[in-house]
Each structure stands twice: as structure tokens, then as C-alpha cells.
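S.K.: using only what follows, build the 3D model:
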Amino acid sequence: MAEHGAALEVKSAWMPLLPPTTPSGSSARAPDDLHPAYRPDIDGLRAIAVSAVVIFHVWRDAMPVGFMGVDLFFVLSGFLITKILWRESIADRFSIARFYERRIRRIMPALLVMLLATTVGACFVLLPVDLVGYGKSVVATIFFVANIYFWRDTNYFSRTAEEKPLLHMWSLGVEEQFYIFFPFVIFLLAKFWRRGAVAAVLVLTIASLALNVLAVRAGLTFPAFYLLPTRAWEMGAGAFLALLATPNRPPLSRPLIIAIGVAGLVMVIVGIAHRLSALSDIPNALLVVFGTCMVIWSGQFGIAGVGRLLALRPVVFVGLVSYSLYLWHWPIIVFAKYYLVREVNLIEGSLLIAIMFACAVISWRYVERPVRDKTFRVPTLLVWTGAGAAINVGTALVLIAWQGLPWRLNESAARINAAVGTTFRCAVSDHVVVGFSRGCKLNLPSGDPAEAKVVLMGNSHALMYAPVVGSILKEKGLTGLLVMANRCIPSATINFNENCRRLAERYIEDVVRLPAKVVVVSLNWSPETDGFVDQYGKLFAGTKEQALTAGVSDTIARLEKAGKVVVLVGPIAVPGWDVASVVSRSLAFGRPLEHPDHISVADFRNRYAGVFEHFGGDPSLTLVRPDKIQCDDAHCHYVRDGRSLFADSNHIAQAELPLFKAALADGISVAVRWADSGR
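M.R.: Okay, the predicted model is just below:
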């Protein structure tokens, strides 16, 4: 999202605070035939984009899809940079060195200043585990791979994400990765296939969009959100628009062009303000991207309409400072919520917005504009940028090496904090393809799914148990495989939505076809959902527990029909709030703990009485009861012996998994004996 009018400069002098026509650059150079004339409506669109992102991050419920502002930024970036690159290329004045000089001027100084300030704040506020993670994210940000780091590290929409001050840098990673390759694409098209450039960019854009859709349908939601191949289509849409020849005269009547601009702006506003589908963000993204393209296209003819609204001085000014505002807004929000150990109210949120806007204006006025002035020489730019990057990376490595400076905390807070975010993630090298599904090797040296003797299947709660199941298999000399679909339950008849149901049906069929005779099924028995749908698309009328029981029963029946012996991992008492983070921060900052650290064992077992009765009475099934380890005679604990059992709101911390090893090992041993005996 970081391209905000690179190289768009005009002759008019800067007017303090509310410039009517000044671009986000600062040098007073007359426009030439290679650099498009400044368009204040573009800055107006930036203002909408950054405002949506800020509101979403401060008060998520007020604008639940405000993060779509980043999609808008991507379109603008693709349009503006392609316009310049194309004109330079066809004029034989393309220079990759000059291009990256502009990128460095535009991106790095403001970024490095923000990182230095945020690092100072992080050392005072963040607890050790989070400070180590912060250090890693600094390094990833400097090398423009933050999107890859956060893809492997966290879910953007989880509460844990709200404790990562540089999470928003994922978008900068996507954009800069795009501009490693795209300038060469434009140059080659201009050199060898000028007439086919529009078609070529359109094909690449459609291919990226198709890959995004396929990834989402395959359950790869996180990589689809974070990674360049599935995000490039948004910048590609802007690039496609930039390559379209601007006609000498408007091709449509004035009222119709104005109407297109109005319709586009309405599409943008609807796309960032209202969730169109519970299954996917693609419909919102399409609305925002196409709407942005319509506004940009209609504005190129200089006809009044939404352009006049977007060009209002206050709106334009927000657009001018939007890059700095984007940089500063998220760390300020994170530090406030992190220290308060709660959400911010209306007054606090408004104060945070005022602070981040003040930081943005200062950054824009005293960092962005001076450095982008051509009088700021390239050698000086490179020296200062290199020094700033080295200082940031060096400091980050110290924080990592010193394990987040744990001596700042009392021992109790540090012990609890050690569990934060310690959920298992399958290493990329351990991923395998299982039919149409994805799997993870568990003591499977060959990597061949057909050689697995035991399959662990389910959602993130199957992934949660993967380390301990892998350990058990290794000790018993067995090979194994994890097959999963995040955020869906393992049921082809009852699921959260139709997309989950189809996904589960596919991977259950893939497991059925495997030679493995033992299947361990694990899932989150306490999902946060408003309801379930059956295979006919109708809402399930019963309780969550009844829906899960019916769905899992069908899955077990399918597996047993295929000759599998099934081990079912039963429910645990999940807190529903981020235990390790909240408790450790409450202890560190002297906040009262506003959540119970346990649940009554009677309440828990009454809730799941039907589940235990139904599956515990099945003689062909082995039911593992982790609740018997988590719970004593009175309570089911979330914190025990000064340690957090949970890494977040519902997943067991990796360090606590050995507590459940004996129960899982017994269940797997029984199932293996049954399978070997042909029972």
C-alpha cells in the first residue's frame, strides 16, 4: 500500500496543511510527458482507504471489512507506478536504478523512523515472547518479507494479531515483492510486444484472481490473504487500467461518465463498509477493486462529479499523509490495547486517532517531503537508509538473542507469558499433497502418504495435537500423517457453511482412500459460530453439541465403512479468551483479571453429557478424554501450577501437550491393536 503518488510532482508551491493541488511529493519540478499530471481525486481515494483501515483497527465492529482499504491502495499503486513505468519504457528512458531510487525515497525513510520509535516503545511495553516476535518482524519488514513471516506466524483476524505492532507491514511486503518483478514485465512488453501489453497484463491479473479463488476454496485462506501470487491481481487491475490508452475526447457523455464515477465510489464504500459474504472476502475485494477502477477511469477526463468531492482540501490532505498514517496507526493501537489489556472505548479511540494523525503529519512534513526532494542527494539517501536499516536489524537481533529481555518482568508473569502463541505449525518442508487435500508428515520419512499407518484428521485442534501424536508414533515405530482443513469441522453432512462442507467431504474421501487403518479425529468442540448447515444447505435446528455429534458420527461411519479404526479426541474446556497473553499482561501491568481462570467441572460435563454418552457408548470407537487431565473434581483449569495450559483462546500450549500424551498414546495403541487383529 505504500505507493502514494511516486514521482507525481507539480510546479505549485506547498501550501501549509491543506494544499488543493499539491501531490504527495515535495520537489517543485514541472511535470513532463513521462510523469502524469497530479490528480487530487487519487489522494481522495487514499484518504478513504486509510480511514477505513484505521477505523477497522480501532473499532472493528464499526467497520468490519475496513481492512479492504488495503485492496484499494493496491489498485492505486498498480495504476500510478505502471503509468510512469510504461511512459518511461516506450520513451526508452526506463532505468531500474532510477525506479528503485524512487522506491527508496518513497518507502524507506518514513518506515525506518517508525521502526526505531516502535522498537523503543516495544522495549517498554511488550512482554518477552511478544518482544522476540517483534524483533523477528522487524527483520522481516526490513527485507520486505513481512507477509511471509506473518503468514507463518499468525492469523490476521485473530485477537493474538492485535499484539503484533508490525502486522500491518504484510501489505508492504506484498507490494515490494510485486515491484521486484513487475518493472521488468512492463519493460519487456514495451520493448517487444507493445500491442499485446494490455492483453498480457489482463491475463496475468485474471490468473492471480483465479489462484486466489482456488486457494480460498481449498481452505488455504491464510496464504491467499498474505502472499503475492494471490494478491497481485489487485495491483494488476490498476496496471491494466494504466495501460489503456486515454482517448483524445471522452468516449461517453458527460452525465454517463459522472454516473460511472458515482457508481464506482458507491461500490468502494459498500465494499469497505459491509461484509457481502460470510464464506469469503473475495466479493468485497471485487467490489472495491472494480469500484476503484471506475472512479480512476472517470476522473481522467477532468469532469466534475465524485472527483470534486474527493478533491476537497481536508480529504486530499488525509490522502497526502496516508502512507505515514498507515505506518504509525497500528503500533499506536497495539501498544494502547496491549497495556490496557482490553479494547479501547470511544474517547480513548478518538484520542489514539488524534495521536496517530499528529505522528503522520510530522512524519510527512519532516521525513517524507525533505527526502523526496531531489536536492537530497542519492549518496546521502543511501548512506542514511543503510545506516537506519542496519540499526533496526541490529537492535532486533539483540532483542531476539536476549530472549525479549525477560528480566523486566516478575517471574510469575514471565512463566505465563512463555506460552503465548506456542501453537504448532507444520513446517513447509513437511507439507505433502494428499489427493485433493493438504497434509503434514508425522514421523513419515518417505513423505509418501500411502505409507502412513495412522492418520490424524480434523481442524486446528488436530494440528494442535500433532506434535504429541508425532512423538507417540515415533516411539511406537509407526508412520503418520495429518490431514486437515482449518476453520471447518471434519463433517461432510453438517458444517459451518457450504464451502466448509464441500472441503470436508473432499478430505474425508482422501483419507478413506489411504491405506492407513487407524484414523484419529480431533476438532474444536466449542466453535464460535452462529449456526450450522446440513448437506441440503438448511440451518441445523439443534444445539452446537447436537450438530457436532451428528456431523462427527457421520464421518466416523464413513471411515468405519472403509475399514478404518477410529480414535476420537473428546472436548476440552476452552476459555474463549487469550489466557497466556491476558494473564501475563494483567500480572505485569497490575491489571485485575476480568476473566475466570477455570470453569466448573459440573458445568463443563453437563454441557457435553450428550457427546460423552453418545461416543463413549460406541464399542467400535476409542474415545480419548483430555478433559479428565485438564479437570479435577471441582474445576477445569485454564491456568495450573502457575502455567497457562493455553497458547491463545482455545489451543493448548505446546509445552503443556505432554500432559495429554499418555491418554492419546493409550487410545492410539488400542486402535492399532484392533486394526492389526482385523477387528
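S.K.: so residue 470 is in which element?
M.R.: Element membership for residue 470, per DSSP states H and E: helix 460-476.
S.K.: again, but for residue 185
M.R.: Judged by DSSP H and E, residue 185 forms part of helix 170-192.
S.K.: what's that helix packed up against?
M.R.: helix 69-90, helix 96-125, helix 128-142, helix 146-153, helix 197-217, helix 232-243 (3 or more CB pairs under 8 Å, 6 or more residues apart in numbering; DSSP states H and E). The way it works is simple: take the backbone N, C-alpha and C, and place the C-beta from them, glycine included.
S.K.: not counting its own residues, what contacts the helix holding residue 470?
M.R.: Residues outside helix 460-476 that contact it (CB atoms under 8 Å, 6 or more residues apart in numbering) are 423-426, 440, 442-443, 453-454, 456, 479-480, 482, 484, 486-487, 490, 520-524, 569, 650-652, 654, 657-658, 660-661, 664-665, 668-669, 672.
S.K.: just the buried ones from those residues?
M.R.: 423-424, 426, 440, 442-443, 453-454, 456, 479-480, 482, 484, 486-487, 490, 520-524, 569, 650-652, 654, 657, 660-661, 664-665, 668-669, 672 (16 or more other CB atoms under 10 Å).
S.K.: tell me which of those fall in helices.
M.R.: 661, 664, 665, 668, 669, 672 (DSSP state H).
S.K.: a markdown table for those, including pLDDT?
M.R.: Listed next are these as a markdown table, based on pLDDT from 0 to 100:
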| residue | pLDDT |
| --- | --- |
| 661 | 96 |
| 664 | 96 |
| 665 | 96 |
| 668 | 96 |
| 669 | 95 |
| 672 | 93 |
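S.K.: so residue 518 touches residue 668, yeah?
M.R.: Yes. Residue 518 lies in contact with residue 668 (CB atoms under 8 Å); the separation is 6.9 Å.
S.K.: need the residues touching each of the two.
M.R.: Looking at what touches both residue 518 and residue 668 (by CB under 8 Å, 6+ apart), the common residues are 454, 567.
S.K.: rewinding a little: please point out which parts of the helix holding residue 185 sit buried.
M.R.: Applying 16+ other CB under 10 Å to helix 170-192 flags 170-179, 182-183, 185-187, 189-190 as buried.
S.K.: now do stretch 265-283
M.R.: In stretch 265-283, counting by 16+ other CB under 10 Å, buried: 265, 267, 268, 271, 272, 273, 276, 280, 281, 282.
S.K.: so where's the protein shaky on pLDDT?
M.R.: 1-36, 155-160, 278-279, 679 (pLDDT under 70).
S.K.: pop the domain breakdown of it in here.
M.R.: Domain assignment for the chain by automatic domain parsing gives 40-401, 428-573+599-642+654-677.
S.K.: gap between the shortest one and the chain center?
M.R.: Taking CA atoms, centre = their mean, to the nearest Å, one finds domain 428-573+599-642+654-677 lying 26 Å from the centre of the chain it belongs to.
S.K.: need the three-state assignment for residue 537.
M.R.: Under DSSP: H, G, I helix; E, B strand; the rest coil, residue 537 falls in the coil class.
S.K.: do the same with the one 5 residues further on
M.R.: Assigned state for residue 542: coil (three-state reduction, three-state DSSP).
S.K.: residue 544 versus the residue lying closest to it once chain neighbours are set aside, what's the distance?
M.R.: Leaving aside its chain neighbours, residue 542 sits nearest to residue 550 (7.6 Å; criterion: CB to CB, 6 or more residues apart in numbering). According to CB to CB, to the nearest Å, residue 550 and residue 544 sit 11 Å apart.
S.K.: quick revisit: from the middle of its chain, how far away would the helix holding residue 185 be?
M.R.: The chain centroid and the centroid of helix 170-192 are separated by 22 Å, computed with CA atoms, centre = their mean.
S.K.: could you give the angle of it to helix 146-153?
M.R.: Computed with axes from the mean of the first three to the mean of the last three CA atoms, to 10 degrees, the direction of helix 170-192 lies at 130 degrees from that of helix 146-153.
S.K.: need the domains of the chain in a markdown table (columns: distance to residue 414).
M.R.: Formatted as a markdown table, the domains of the chain follow (distance: least, CB to CB, whole Å):
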| stretch | distance to residue 414 |
| --- | --- |
| domain 40-401 | 6 |
| domain 428-573+599-642+654-677 | 10 |
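S.K.: now for those domains, which one comes closest to residue 584?
M.R.: Of all these, domain 40-401 sits nearest to residue 584, with 5.6 Å by CB to CB.
S.K.: restricting to C-alpha, output stretch 498-518 in CSV.
M.R.: What follows is stretch 498-518, C-alpha atoms only, in CSV (Å, rounded to 0.1, in the frame of the first residue of the first chain):
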residue,chain,number,x,y,z
GLU,A,498,-21.4,-25.0,2.4
ASN,A,499,-17.8,-24.2,1.5
CYS,A,500,-16.6,-26.0,4.7
ARG,A,501,-18.9,-28.9,4.0
ARG,A,502,-17.5,-29.4,0.5
LEU,A,503,-14.0,-29.1,1.7
ALA,A,504,-14.6,-31.6,4.5
GLU,A,505,-16.2,-34.0,2.1
ARG,A,506,-13.2,-33.9,-0.2
TYR,A,507,-10.6,-34.5,2.5
ILE,A,508,-12.6,-37.2,4.2
GLU,A,509,-12.7,-39.0,0.8
ASP,A,510,-8.9,-38.5,0.5
VAL,A,511,-8.5,-40.1,4.0
VAL,A,512,-10.8,-43.0,3.1
ARG,A,513,-8.7,-43.8,0.0
LEU,A,514,-5.4,-44.0,2.1
PRO,A,515,-4.2,-47.5,3.1
ALA,A,516,-3.9,-46.4,6.8
LYS,A,517,-6.2,-48.4,9.1
VAL,A,518,-6.1,-46.1,12.1
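S.K.: in it, what's buried?
M.R.: 499-501, 503-508, 510-512, 514, 516-518.
S.K.: and those, which of them are in strands?
M.R.: residue 518 (DSSP state E).
S.K.: tell me the two of the buried residues of stretch 498-518 that are most distant?
M.R.: Top of the distance list for those (CB to CB): 499 and 517, 30.3 Å.
S.K.: number of nearby residues for residue 548?
M.R.: 25 (other CB atoms under 10 Å).
S.K.: which of the buried residues of stretch 265-283 sit farthest apart?
M.R.: Among the buried residues of stretch 265-283, 265 and 280 lie farthest apart (CB to CB), at 23.6 Å.
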